[in-house]
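1. build the 3D model from these lines:
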Amino acid sequence: MVIIMANEKIQKSKREIVNMLLNQNLETNDEVELIDILIDQPISIDVDKQNEQNLKKGDKIADKLTQVAGSWGFIIGFIIFLAIWMILNITVLKDVDPYPFILLNLLLSCLAALQAPIIMMSQNREARKDSMRSKNDYKVDLKSELILEALHDKMDEIIKNQRKIIEYFKQENK
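-> The predicted structure is shown next:
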């Protein structure tokens, strides 16, 4: 019975500390749920691993394309492709795409029209992952603060008990 009362007191103390850390009154279910998680459960998660498990095939393809399209290798390769296209169409293939290179412009426009949304999809996923990471960091910070406050209280209690013991021994030695 005493242990149950002590655990209830500790839980109440933790709730007060979490309330203080949140610095607001609990009004929404999300905040109550956050407090329960902070008090009762480990909260650290690997956001990258969790995100990888939720990726669809299209997401993986978009990420790979973004990784390739955002590299120096792609830029250099594309410059070489453009140079070869222009040289071939000026010298060898004069009738395919003559000087203003209208076909090349069409290809570049189509490439940009397809590439931009794919890159944006990948960036949106990264932004969601960053948001998850930020929320996780916030929870971990709160939990760390809660643990530090509890340790501080325990240290105060130990110091108080040591002082009582010292006083007791001083009185016994008189």
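2. so where's the protein uncertain?
-> Within the chain, the set of residues satisfying pLDDT under 70 comprises 1-43.
3. which parts of it are helices?
-> Secondary structure of the chain by DSSP state H: the helices cover 2-22, 29-40, 47-53, 57-69, 72-91, 102-173.
4. and these as JSON lines, adding mean neighbour count?
-> For glycine as for every other residue, the C-beta is placed from the backbone atoms N, C-alpha and C. Written out in JSON lines, the entries for the helices of the chain read as follows (neighbours: other Cβ atoms under 10 Å):
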{"stretch": "helix 2-22", "mean neighbour count": "13"}
{"stretch": "helix 29-40", "mean neighbour count": "14"}
{"stretch": "helix 47-53", "mean neighbour count": "12"}
{"stretch": "helix 57-69", "mean neighbour count": "14"}
{"stretch": "helix 72-91", "mean neighbour count": "12"}
{"stretch": "helix 102-173", "mean neighbour count": "12"}
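5. how about the residue sitting nearest the centre point of the chain, nearest residue that isn't a chain neighbour?
-> Nearest to the centroid of the C-alpha atoms of the chain, with distances taken as Cα atoms, centre = their mean, sits Arg133, at 1.5 Å. Leaving out its chain neighbours, the residue that sits closest to Arg133 by Cβ to Cβ, 6 or more residues apart in numbering is Val47, at 4.5 Å.
6. doesn't Lys49 make contact with the residue nearest to the centre of the chain?
-> No. Because the distance of 11.7 Å does not satisfy Cβ atoms under 8 Å, Arg133 is recorded as not touching Lys49.
7. quick one, what contacts the residue nearest to Arg125 when sequence neighbours are not counted?
-> Of all residues not flanking Arg125 in the chain, Asp59 sits nearest, at 6.3 Å (Cβ to Cβ, 6+ apart). Contacts here follow Cβ atoms under 8 Å, 6 or more residues apart in numbering; on that basis Asp59 touches 121-122, 125.
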